[in-house]
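Undergrad: Here's a sequence, model it:
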Amino acid sequence: DGLVQAAAAAQVRHGEKQLLPGGDDDLVHQLGPVDGAQGAHQHRRAAQVRQQLVLAAHAGEGPLPLQSISTMGGVPKQYLEQLLGNLRRAGLVSTVRGVQGGYQIAAAPETVSLRDIIDAVEGPIELSECASTDNACLRSGTCPVRWVWQRVTDSINTELEKIKLSDMLTQACESEEEQP
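TA: Coordinates of the predicted model:
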């Protein structure tokens, strides 16, 4: 928590562009703290979205060095390299070699969905193997629960597809409620 806040303060002092245009300078407030409290799986998912938001916020400005993405997104550099490799292979990130090189978003933020990002790094979301595999078990054809898992999985993926990086950059977090 303190490390991310210190990095954000250093970023502002050194004249670097803040992560989200027009937003608060506090990266922790904008994207939430990076900690292991919610488990490694949620941590990984949050990290992959954070770094894509950094690249989306700087779309059209040229490549960003790995260290800058790490600092602005609050994602450890070593872990970030793994994420960016997966996203590059999926065509969501491109690399530029050389002294002025780095990483940049490969598609317009309006076209990149949360589902694209999650699928690229983790693979498709499935709540149960039987939701996507016809012969997952002997009961697949007659199981009264299978259709529920299929429906919920489809709903989640549909919602993730609707949310674009550009939306996340321009819309306030709807789940935040003001504390009295």
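Undergrad: Setting aside sequence neighbours, what's the nearest residue to I105?
TA: What sits nearest to I105 in space, not counting adjacent residues and going by Cβ to Cβ, 6 or more residues apart in numbering, is L55, at 4.1 Å. Any C-beta I mention is one placed from the backbone N, CA and C, and that applies to glycine too.
Undergrad: check contacts around that neighbour.
TA: By Cβ atoms under 8 Å, 6 or more residues apart in numbering, L55 lies in contact with L64, I69, V93, Y103, Q104, I105.
Undergrad: any chance of the residues you listed in TSV, plus pLDDT, secondary structure and distance to Q51?
TA: Output for these, formatted as TSV (pLDDT from 0 to 100; DSSP: H, G, I helix; E, B strand; the rest coil; distance: Cβ to Cβ, whole Å):
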residue	pLDDT	secondary structure	distance to Q51
L64	93	strand	10
I69	90	helix	6
V93	93	strand	9
Y103	93	strand	9
Q104	93	strand	12
I105	93	strand	10
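Undergrad: Could you export those as a markdown table, including neighbour count?
TA: Converted to a markdown table, these look like this (neighbours: other Cβ atoms under 10 Å):
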| residue | neighbour count |
| --- | --- |
| L64 | 24 |
| I69 | 25 |
| V93 | 25 |
| Y103 | 24 |
| Q104 | 19 |
| I105 | 24 |
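Undergrad: neighbours around A59, how many?
TA: Close neighbours of A59, defined as other Cβ atoms under 10 Å, add up to 18.
Undergrad: contacting residues around the closest residue to it other than its chain neighbours?
TA: Of all residues not flanking A59 in the chain, I105 sits nearest, at 5.1 Å (Cβ to Cβ, 6+ apart). Listed by Cβ under 8 Å, 6+ apart, the contact set of I105 reads Q52, L55, A56, H58, A59, L92, V93, S94, V112, L165.
Undergrad: The most centrally placed residue in the chain and L64, how far apart?
TA: Most central in the chain under Cα atoms, centre = their mean is V49, positioned 0.9 Å from the mean C-alpha point. Distance check for V49 against L64: by Cβ to Cβ, to the nearest Å, it reads 16 Å.
Undergrad: For the residue lying farthest from the centre of the chain, give me the pLDDT.
TA: In the chain, T142 marks the outermost C-alpha relative to the chain mean, sitting 37.2 Å out by Cα atoms, centre = their mean. Predicted confidence (pLDDT) for T142: 76.
Undergrad: Now do stretch 113-126, average pLDDT.
TA: 88.
Undergrad: buried stuff in it?
TA: By 16 or more other Cβ atoms under 10 Å, the buried positions in stretch 113-126 come out as S113, L114, R115, D116, I117, I118, D119, A120, V121.
Undergrad: quick one: contacts for the second one?
TA: The reference is to L114. Going by Cβ under 8 Å, 6+ apart, L114 touches V49, L160, E161, I163, K164.
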